[in-house]
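In: let's see this in three dimensions:
(2 chains)
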Amino acid sequence: MNARTLNFVGISGALFGFGLALSTMVQPEVVLAFLMWRDMGLLLVLGGAVAVTFVSYQLLPRVMARPWTGDSFGKHPSEMSARTLAGAAIFGIGWGLSGVCPGPAIAGLGVGNWPLLLSLAGLAAGGFVQGFFFAPKSP
Amino acid sequence: MEALFPNGWAHYLAGGVIMGLAMSFLFLSTGLIGGMSTVFTSVWSYFSRAPFFQEGRFVSSRLWRLVYAAALIAGAFVWLAGWGQPFVTEVPIWRLLLGGFIAGFGARLSNGCTAGHGICGMASLQPASILSVLLFLATAMITARIVAGFA
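Out: Residues are numbered from 1 along each chain as shown, chains lettered A, B, ... in the order given. Model prediction:
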């Protein structure tokens, strides 16, 4: 992976982090208010993000042979399986308990939300336990 | 409107659109898919010899995912410096830790979180992602209500 690609990754990540901060998703209290139907703002966050991303995911591979750097356009690997769906249900329990999902846990540090370091520790530990003890059988 | 969005709606929509532009620019410039939770698996490839962590998809993506994560913090800091106020959550420590652990385990089992399934998977109209989003929204809403009832 060359420096040019990493620069593009950095620009994209910074833009994503800015959007997370602006949308106040870096505040777990806002996420919890949404989950309890007191403030439906997160539907606008999700809707806005999906609508824009949908257009580029559909359009760009039709008008360009390949991205500026890299060989091909990727695709999010979603497999319809018990593992995927059980994992999603479990993820929601953790999200509803803390109001913190992976992106805001990371970006929140940029607005000084230091207790999210605990969320990061939890996320990393959960990722470790999944990969170490519950990895799918190698094909 | 006031009942649905007591804190206004414009910053929500603007934030979401900017996040969509970020995903779009990443796709345009590199072809990469900007899911977020994979970093919590790929980073372990630096420390653990366990076979799963050493799979090519994690070893080959671990560097850009770390750069992506660091840039997220920088971007949020730019917002803070130019437009915002610092914010420190008052959600109790045990909820942050335990919720993080459960969410980390689930997202990695599912291979996606609110970014991976919620934005990238839904934007590519993948049935498993759309169903995953409905599932985690449901369990999150139920959990938040149960916990609020006891707290």
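
In: what's near enough to touch B:Ile130?
Out: Listed by C-beta atoms under 8 Å, 6 or more residues apart in numbering or on different chains, the contact set of B:Ile130 reads B:121-122. Just so you know, the C-beta spots here come from the backbone N, C-alpha and C atoms, and that holds for glycine as well.

In: tell me which helix or strand it sits in.
Out: Per DSSP states H and E: B:Ile130 is located in helix B:127-150.

In: list the buried residues for that helix?
Out: By 16 or more other C-beta atoms under 10 Å in any protein chain shown, the buried positions in helix B:127-150 come out as B:128-129, B:131-133, B:135-137, B:139-141, B:143-144, B:147.

In: mind checking how far that helix is from the chain centre?
Out: 15 Å (C-alpha atoms, centre = their mean, to the nearest Å).

In: how much space between B:Gly99 and B:Arg62?
Out: To B:Arg62, B:Gly99 is 25 Å away according to C-beta to C-beta, to the nearest Å.

In: what about the two, which has more around it?
Out: B:Gly99 (31 against 20; other C-beta atoms under 10 Å in any protein chain shown).

In: pull up the gap between the more buried one and chain A, please.
Out: Counting by C-beta to the nearest C-beta, to the nearest Å, the gap from B:Gly99 to chain A is 3 Å.

In: check B:Trp9 too.
Out: 6 Å.

In: also B:Ser48?
Out: For B:Ser48, the distance to chain A - C-beta to the nearest C-beta - is 7 Å.

In: pLDDT score assigned to the nearest residue to that residue once chain neighbours are set aside?
Out: Leaving out its chain neighbours, the residue that sits closest to B:Ser48 by C-beta to C-beta, 6 or more residues apart in numbering or on different chains is A:Phe132, at 7.0 Å. For A:Phe132, the model assigns a pLDDT of 97.

In: which parts of the helix or strand where A:Phe132 lies are buried?
Out: Assessed by DSSP H and E, A:Phe132 sits inside helix A:116-133. For helix A:116-133, the neighbour count (16+ other C-beta under 10 Å) marks A:116, A:118-128, A:130-131 as buried.

In: can you spell out which helices and strands pack onto that helix?
Out: helix A:82-98, helix A:102-107, helix B:39-42, helix B:93-110 (3 or more C-beta pairs under 8 Å, 6 or more residues apart in numbering or on different chains; DSSP states H and E).

In: that older thread, just curious, which of the buried residues of helix B:127-150 is nearest to B:Leu109?
Out: Taking C-beta to C-beta as the measure, B:Leu109 lies nearest B:Ser132 of the buried residues of helix B:127-150, at 10.8 Å.

In: for the closest one, give me the pLDDT.
Out: 98.

In: now do the contacts for the nearest residue to it once chain neighbours are set aside.
Out: In space, and not counting its chain neighbours, B:Ser132 is closest to A:Ala88: 3.6 Å by C-beta to C-beta, 6+ apart. By C-beta under 8 Å, 6+ apart, the contact list for A:Ala88 reads B:106, B:110, B:112, B:117, B:131-133, B:135-136.

In: if we go to 10 Å?
Out: B:106-107, B:109-113, B:117, B:128-129, B:131-139 (C-beta atoms under 10 Å, 6 or more residues apart in numbering or on different chains).

In: next: B:Thr30.
Out: Per C-beta under 10 Å, 6+ apart, neighbours of B:Thr30: A:1, A:4-9, A:12, A:67-70, A:73-74, B:64.

In: B:Pro86 and A:Val111 touch, don't they?
Out: Yes - using C-beta atoms under 10 Å, B:Pro86 is in contact with A:Val111, at 5.9 Å.

In: who has more neighbours, these two?
Out: Counted by other C-beta under 10 Å, B:Pro86 and A:Val111 do not tie: A:Val111 has more neighbours, with 26 against 10.

In: now do the more buried one against A:Pro136, distance only.
Out: Taking C-beta to C-beta, one finds A:Val111 at 36 Å from A:Pro136.

In: what do you get for B:Phe87?
Out: Taking C-beta to C-beta, one finds B:Phe87 at 38 Å from A:Pro136.

In: now do B:Leu80
Out: Distance from B:Leu80 to A:Pro136, by C-beta to C-beta: 40 Å.

In: need the overlap of contacts for B:Pro86 and A:Val111.
Out: With C-beta under 10 Å, 6+ apart, B:Pro86 and A:Val111 have common neighbours B:Leu80.

In: per-residue confidence at the spatially most central residue of chain A?
Out: Geometric centre of chain A, nearest residue: A:Gly103, 4.8 Å, by C-alpha atoms, centre = their mean. Note for A:Gly103: predicted pLDDT of 98.
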